[in-house]
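Student: Got a sequence here, can you build the structure:
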Amino acid sequence: MLERNHLPLRPAAPVFAVAWVAVIAGASVALSLLFACVTPFVALAAVSAVILPRWMALMAVLFAWLANQTVGYLVLGYPQTFDSFAWGLAIGIAAFASLAAALAVLRLAAGLAVTMTGAFMSGFVAYEGVLFAATAVLPSGDGAFSAAVVAEVLLINSLAAVGLICLHAGAAVSRALVAAQPGPALS
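Tutor: Residues are numbered from 1 along each chain as shown. As a prediction, this is how the structure comes out:
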């Protein structure tokens with residue numbers, strides 16, 4: 001089984017993990033403004049699952065979903081109807097299902113690339129599965145799960161995952177460089 005302390009992307013300090021939760025929430029706001037209805041919750045959940053302790057990953061997904069809903073209703077003017085609120089809840093459930101699937105992959109004995117890919121793909125299947133199941137009781141357009149739409153959601157989430165991994169790796173390198181600097185000499 002792959003442990004988080006074996007991952008090169010693992011945050012080294014709790015303060016760094018808290019900062020990463022804030023980055024995930026901030027990324028959710030920016031991505032919600034950019035993509036509106038296609039916020040890449042799969043990417044946010046998968047990357048959080050791999051680099052954060054479980055409870056921090058839960059908080060990251062919760063704050064990302066809350067930030068997305070806040071931007072949607074207060075900035076983007078989502079309709080304040082039962083259907084809209086129900087879809088918002090369904091998206092939240094799907095985001096947590098994505099996180100749960102991504103966390104389950106961490107139990108497998110595999111290398112980092114396989115683990116990250118597995119976390120992402122299992123999270124994507126869980127996310128899309130929950131949203132597809134929601135169409136049984138919530139109104140949805142005919143093309144909502146067309147191959148083109150699912151491919152676009154996959155592409156957006158893939159690019160966001162790569163971006164988040166690069167951002168995290170850059171922060172880890174910066175942290176390592178700062179830690180390697182010699183301290184001031186005391187006289």
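Student: Tell me how far the spatially most central residue of the chain lies from residue 171.
Tutor: Nearest to the mean C-alpha position of the chain, counting by Cα atoms, centre = their mean, stands residue 44 at 1.0 Å. To residue 171, residue 44 is 16 Å away according to Cβ to Cβ, to the nearest Å. C-beta coordinates here come from the backbone N, C-alpha and C atoms, glycine included.
Student: Likewise for residue 116?
Tutor: According to Cβ to Cβ, residue 116 stands 17 Å off from residue 171.
Student: Same question for residue 122.
Tutor: Noted for residue 122: a distance of 25 Å to residue 171, by Cβ to Cβ.
Student: Which neighbouring elements make contact with whichever helix in the chain runs longest?
Tutor: Using DSSP state H to define each element, the chain has its longest helix at helix 147-180. Packing partners of helix 147-180 (3 or more Cβ pairs under 8 Å, 6 or more residues apart in numbering; DSSP states H and E): helix 14-35, helix 41-51, helix 112-134.
Student: mind putting the ones you listed in CSV, distance to residue 95 included?
Tutor: Shown next, in CSV, are the helices and strands packed on helix 147-180 (distance: least, Cβ to Cβ, whole Å):
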stretch, distance to residue 95
helix 14-35, 10
helix 41-51, 4
helix 112-134, 7
